[in-house]
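Chemist: here is my input, please return the structure:
(one chain, ligands or ions: 1)
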Amino acid sequence: MTALTLDHIGHAFLGRTVLDGISLTVEAGELVALVGPSGSGKSTLAHIAAGLVEARRGRVVRDYDRHAVVFQEPRLLPWATAAANIAFALKPLRLSRRIVRERVETVAAKVALERSDLAKFPAQLSGGMRQRVAIARALVTDPAFLIFDEPFTALDVALKRRMQDIVITSVTSESRSGLFITHDMAEAVRIAHRIAVLDPLGRGMAGNVTVPLTPGTRDDRAVFEIAHDFLTRNPLFAHVNDMDERRAG
Ligand SMILES: Nc1ncnc2c1ncn2[C@@H]1O[C@H](COP(=O)(O)OP(=O)(O)OP(=O)(O)O)[C@@H](O)[C@H]1O
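Modeler: Here you go, the predicted model:
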């Protein structure tokens, strides 16, 4: 079953085409990493998938109940505690205080937030902790589909890895599906079932590859070897590490 279909998506900002003829599907239970050079339109596509931007052309078909998005910056409410930030996503559901507290505590445990962290305000938390709160806020409504827009770019390597493990668990072990935007090939190889590569100018998809082994079973060596193999032998990845092609050209 296909959870998300992006069908010939096209978009322009101020008359300038940034995406054209983009078709991509994510199957139920699948975690797809979308890679492409800086400026190729990855974030725009993530926003379109999330319904935050309406595509000028094409069709988005969602065969799931609910999705949630984790952005590059945690986007937390500065005046609310971590617990209140997570609970905010539950407001429309009008649940009792007890159920809200239980749900917040359950997701906080999943992202390894301590009870004492829940009482803190965003300014009192480190960047990694803030991003954990953002992931907990995304998970608390129990969405069937998760969209990640380069969420760990600002984090150091060790922390990134812990956060990637949270993504792998929250998508693959809990029967969700997900689209994970990144320009970090090692990250894509580590977490995804499949990597979709955006054309450097956002003109269609360059292609797809299935990543050997399954998310959660690839150790550092496997990640390194697979990423190295893709980058050195597969022409699909020739432009992934380029900077903004449009600005350069
Ligand atoms: N709201 C906007 N108004 C005008 N131009 C925009 C807007 N958002 C994005 N763009 C432009 O669209 C192009 C694609 O941007 P987008 O952020 O989707 O790329 P990206 O692949 O995610 O880049 P990065 O990896 O650097 O985040 C860029 O040239 C960007 O400047």
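Chemist: please, where are all the strands along the protein?
Modeler: 2-13, 16-27, 31-35, 57-62, 67-70, 145-149, 177-181, 194-198, 205-210 (DSSP state E).
Chemist: what does the fourth one contact?
Modeler: Contacts to strand 57-62, defined as Cβ atoms under 8 Å, 6 or more residues apart in numbering, come from residues 2-11, 20-23, 48-49, 51, 145. C-beta here means a position set from N, CA and C on the backbone, and glycine is covered the same way.
Chemist: got it, and the third one?
Modeler: Under the contact criterion Cβ under 8 Å, 6+ apart, strand 31-35 has outside partners 24, 26, 42, 45-46, 167-168, 171-172, 177-183, 185, 187-189, 191-198, 215, 237, 240.
Chemist: and with 6 Å instead?
Modeler: Contacting residues not belonging to strand 31-35 are listed as 26, 42, 171, 178-182, 188, 192-197, 215, 240 [Cβ atoms under 6 Å, 6 or more residues apart in numbering].
Chemist: now narrow those residues to whatever sits close to the ligand.
Modeler: K42 (Cβ under 6 Å from any ligand atom).
Chemist: for the residue nearest the centre of the chain, what are its contacts?
Modeler: When Cα atoms, centre = their mean is applied to the chain, the residue found nearest the centroid is F148 (1.5 Å). By Cβ under 6 Å, 6+ apart, the contact set of F148 is V70, F180.
Chemist: bridged to it, which residues?
Modeler: V70, F180 (DSSP bridges).
Chemist: for the longest helix anywhere in the chain, buried residues please.
Modeler: The residue-count maximum for a helix in the chain (DSSP state H) belongs to helix 157-172. By 16 or more other Cβ atoms under 10 Å, the buried positions in helix 157-172 come out as L159, K160, R161, M163, Q164, I166, V167, I168, S170, V171, T172.
Chemist: residues from this structure in reach of the ligand?
Modeler: 13-14, 18, 36, 38-44, 183, 246.
Chemist: which two of those residues have the greatest separation?
Modeler: Put simply, by Cβ to Cβ the two of those set farthest apart are L14 and H183, 23.7 Å from each other.
Chemist: neighbour count: those two, which is higher?
Modeler: H183 (20 against 5; other Cβ atoms under 10 Å).
Chemist: low-confidence ranges in this structure?
Modeler: 243-249 (pLDDT under 70).
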